[in-house]
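A.B. asks: Kindly return the folded structure for what I paste below:
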Amino acid sequence: MSRIALLSEEVASQVAAGEVIDRPASVVKELVENSLDARARKIEVMIRRGGSSSIRVADDGTGMDRDDALLCLERHATSKIRTGLDLAAISTLGFRGEALPSIASVSRFRLTTREHGALAGTDLAVNGGKIEYVRDGGDAPGTQIEVRSLFYNLPARRKFLRTENTESSHVEHQLHLQAIGHPAVGFVLINDDRVIHQLPPAANLLERIRDLRGIALAAELLEVPDEEIGGMRLRGFVGKPGVSRSSRAQQLVFINGRAVENSTVNFALREGYHTALMKGQFPVTFLFLDMDPAAVDVNVHPAKREVRFRDPGEVREVLIERIRHAIEGGRAQWSATFRGAERAGAGETDGEVVSGDEGRTPDKEPSLPSHGSMDRPQSMDRPQSPTQGYSELIPVPEQVALRQDWAALPRQPEPAAQAAPRPAEPRPEAEFRILGVLGRLYILMENGDGLVLVDQHAAHERILFEELRRRMEVQGVPAQRLLMPVTMQLAPRDSDWVAQNLDTLQKMGIGIDSFGPGTWKIDALPQFLKGSDPAPLFREIIDELRQTSATSSRMRLGEDVIATTVCHHAVKARDVLREPEMVRLIQDLLRCELPYCCPHGRPTMIQISYGELERKFGRKA
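C.D. replies: Numbering: from 1, shown residues only. Model (predicted):
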């Protein structure tokens with residue numbers, strides 16, 4: 001007797017449903033995608049009891065005639081592709097023709113539809129995959145689908161559903177994705193007869209983000225200019241440095257209008273921010289990447305959650321480059337708030353930097369140190385203990401942050417050397433004046449927008465970090481020869497990557513040469529890399545560098561050590577700074593490539609606007 005038998009149509013449909021539909025949110029996703037493919041301009045979603053009792057999705061799309069309404073319930077029936085060649089260039093959200101028959105096989109299903117201009121529509125019902133009736137309907141043009149008692153004929157699957165609140169939150173998340181991905185479409189979400197969202201068509205993406213995520217988050221976003229690079233068009237918004245989350249919940253990326261998950265994209269987003277994020281944090285992004293449909297495969301996951309790129313390296317480079325460009329563009333806008341630091345109290349004669357006491361004539365020219373060796377009363381005068389890393393190889397330079405001659409700065413009167421600095425006269429709106437120091441850690445400044453707090457330790461860390469990294473790049477990476485060269489066999493893909501990046505690895509201080517097919521000899525490693533066995537250490541290096549940009553700094557391997565080193569040498573909390581030193585600190589910070597945050601991702605400056613202060617004091621509602 002044969003042990004292999006064909007599954008019945010009913011069982012086959014339920015198996016297919018298990019691949020596509022796993023919870024009410026999956027039903028909403030598939031139905032809303034069909035509505036969007038039907039060019040709907042308004043979509044209404046109504047659920048009861050988290051969607052397990054009832055789901056209804058109504059749209060004003062093109063609708064269907066009776067023949068199409070019956071045919072759409074057949075497996076693999078679709079209007080979106082015709083031949084196998086069409087699978088290589090998918091331009092719609094749905095294309096397999098599995099959603100409706102899968103949903104109808106595990107629920108009590110009803111579909112009503114009418115084409116625009118048709119006298120009558122179609123009303124049909126399906127119970128567990130079996131058609132109950134088909135008749136004329138008189139509903140408005142478009143399509144309305146009602147799904148009741150989901151998984152009623154699959155008790156085992158129904159037991160895996162979570163609480164009503166949990167399932168409702170998943171449905172709401174799916175609607176958020178579709179609403180952000182298609183801001184020109186209006187959406188309505190009703191949960192147990194309560195309107196949760198009523199989103200009219202938005203004029204632009206930022207307006208939709210503001211409606212869904214709030215004004216506060218929208219104000220913390222940087223725009224990624226709409227630009228085409230290498231046949232790919234990237235646009236959207238990313239969070240300012242320091243705006244992050246502990247999960248990827250608000251890391252949204254849409255490929256040709258489809259919300260996707262992809263490891264290449266995730267690594268590119270992290271790399272684009274680099275030291276602007278703390279470890280364990282993820283950026284906030286609303287990015288849209290439009291590309292040739294033939295260059296991306298959306299048919300690699302039953303639920304279409306994941307995609308695969310034909311050239312992932314090119315996609316990664318485009319994402320990294322555009323995100324960095326957006327952050328640099330935001331840097332100019334960010335610096336404009338504090339650009340008075342470049343000329344704070346500047347005299348009208350020779351442009352020298354002066355303090356708030358303009359008319360003062362110093363008795364003699366002072367000799368003030370740079371930030372690398374600031375005048376440190378009490379704790380700062382203690383000798384620094386040796387630190388491992390770059391400070392052992394090349395000492396932190398004494399003039400590391402020096403941009404101008406300190407002799408150009410006037411001397412503070414001796415009695416007030418360690419006192420709070422006297423406020424300067426008010427400056428034009430874009431400039432700032434130093435008000436004082438809070439807790440001997442935060443420099444308080446006033447600018448045209450309100451109050452600015454500067455973390456002197458984080459600011460000095462950023463200055464030293466970028467200066468030391470630049471010096472190490474110019475002078476080269478110190479390498480240490482191994483007593484005994486190590487040979488190692490690499491997998492074909494890893495070996496190919498090493499061969500293509502051999503020059504870059506050698507510039508990073510790694511002595512590596514080919515030693516036969518797939519075999520490599522290592523005879524030197526950077527001094528900052530510690531490890532008893534070079535082979536596993538080198539494999540970790542390969543894994544890390546493969547995810548970075550081709551234009552990344554060759555000091556990437558040592559940046560953690562640099563960050564740790566400068567932390568020991570930077571101005572500490574409770575170190576007393578004189579006003580000229582504070583002015584120079586702000587000046588040097590604004591000249592940094594990434595002044596927003598320290599090398600560990602913590603913010604260096606915080607702006608508290610007058611509006612926020614007025615709300616705190618009850619002056620503004």
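
A.B. asks: Give me the below-cutoff pLDDT ranges for the stretch 451-600 of the chain.
C.D. replies: Along the stretch 451-600 of the chain, segments meeting pLDDT under 70 span 476-477, 528-532, 547-566, 568.

A.B. asks: where exactly do the helices run in it?
C.D. replies: Secondary structure of the stretch 451-600 of the chain (DSSP state H, counting those that start in this stretch): helices located at 456-475, 492-500, 502-507, 534-545, 559-569, 579-590.

A.B. asks: Out of those, which gets nearest to Ala120?
C.D. replies: Proximity of the helices of the stretch 451-600 of the chain to Ala120 was assessed by Cβ to Cβ; the nearest stretch is helix 492-500, lying at 59.9 Å. C-betas here are computed from N, CA, C, even on glycine.

A.B. asks: Report the angle between the closest one and helix 534-545.
C.D. replies: Angle of helix 492-500 versus helix 534-545, following axes from the mean of the first three to the mean of the last three Cα atoms, to 10 degrees, is 80 degrees.

A.B. asks: Give the buried residues for helix 492-500.
C.D. replies: Asp494, Ser495, Trp497, Val498 (16 or more other Cβ atoms under 10 Å).

A.B. asks: Now for this protein: which strand has the highest residue count?
C.D. replies: Taking DSSP state E as the assignment, the strand of the chain that covers the most residues is strand 479-489.

A.B. asks: And for that one, what's in contact with it?
C.D. replies: The contact list for strand 479-489 (Cβ atoms under 8 Å, 6 or more residues apart in numbering) reads 509-511, 515, 518-527, 534-535, 538-539.

A.B. asks: for stretch 257-274, same thing?
C.D. replies: Residues beyond stretch 257-274 that count as contacts (Cβ under 8 Å, 6+ apart) turn out to be 36, 93, 177-178, 181-182, 238, 241, 248, 251-255, 277, 282-283, 285, 288, 298, 304-309, 312, 315-316, 319-320, 322-324, 327, 547-549, 552.

A.B. asks: pLDDT of it, averaged?
C.D. replies: The pLDDT scores in stretch 257-274 average 87.

A.B. asks: before we move on, what about stretch 314-334?
C.D. replies: Stretch 314-334 carries an average pLDDT of 83.

A.B. asks: what comes up buried for it?
C.D. replies: Of the residues in stretch 314-334, those scored as buried under the neighbour-count criterion (16+ other Cβ under 10 Å) are 314-327, 330-331, 334.

A.B. asks: what does stretch 86-96 contact?
C.D. replies: Contacts to stretch 86-96, defined as Cβ under 8 Å, 6+ apart, come from residues 30, 33-34, 36-37, 76, 78, 80-81, 256-258, 292-294, 298-299, 304.

A.B. asks: For it, measure first residue to last.
C.D. replies: Taking Cα to Cα, to the nearest Å, stretch 86-96 runs 11 Å from one end to the other.

A.B. asks: Can you show me the helices along the stretch 1-150 of the chain?
C.D. replies: Taking DSSP H, counting those that start in this stretch as the criterion, the stretch 1-150 of the chain contains helices spanning 9-20, 24-37, 66-71, 99-105.

A.B. asks: Which single one of the buried residues of helix 492-500 is nearest to Val45?
C.D. replies: When the buried residues of helix 492-500 are compared for distance to Val45 (Cβ to Cβ), Trp497 comes out closest, at 46.0 Å.

A.B. asks: just checking, that closest one touches Ile542?
C.D. replies: Yes. Applying Cβ atoms under 8 Å as the test, Trp497 and Ile542 come out as touching, 6.7 Å apart.

A.B. asks: Go through stretch 293-306 and flag the buried ones.
C.D. replies: Applying a neighbour-count criterion of 16+ other Cβ under 10 Å, one finds Pro293, Ala295, Val296, Asp297, Val298, Lys304 buried in stretch 293-306.

A.B. asks: List the contacts of that stretch.
C.D. replies: By Cβ under 8 Å, 6+ apart, the list of residues contacting stretch 293-306 from outside reads 19-20, 22, 26, 29, 87-91, 93, 95-96, 231, 255-256, 258, 260-262, 307-311.

A.B. asks: Now a ChimeraX select for only the buried ones of the residues you listed.
C.D. replies: Restricted to the buried members of the contacts of stretch 293-306, where burial is judged by 16+ other Cβ under 10 Å, the ChimeraX selection command reads as follows:
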select :20,22,26,29,90,93,95,96,255,256,258,260,262,307,309
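
A.B. asks: how about the strands of the stretch 251-400 of the chain, start to end?
C.D. replies: 251-255, 258-259, 282-283, 285-290, 296-297, 308-309 (DSSP state E, counting those that start in this stretch).

A.B. asks: Quick one, which of these gets closest to Val454.
C.D. replies: Comparing these against Val454 with Cβ to Cβ, the closest turns out to be strand 282-283 (23.5 Å).

A.B. asks: Pull up the pairing partners for that closest one, direction included.
C.D. replies: With DSSP bridges as the test, strand 282-283 is paired with strand 244-245 (antiparallel).
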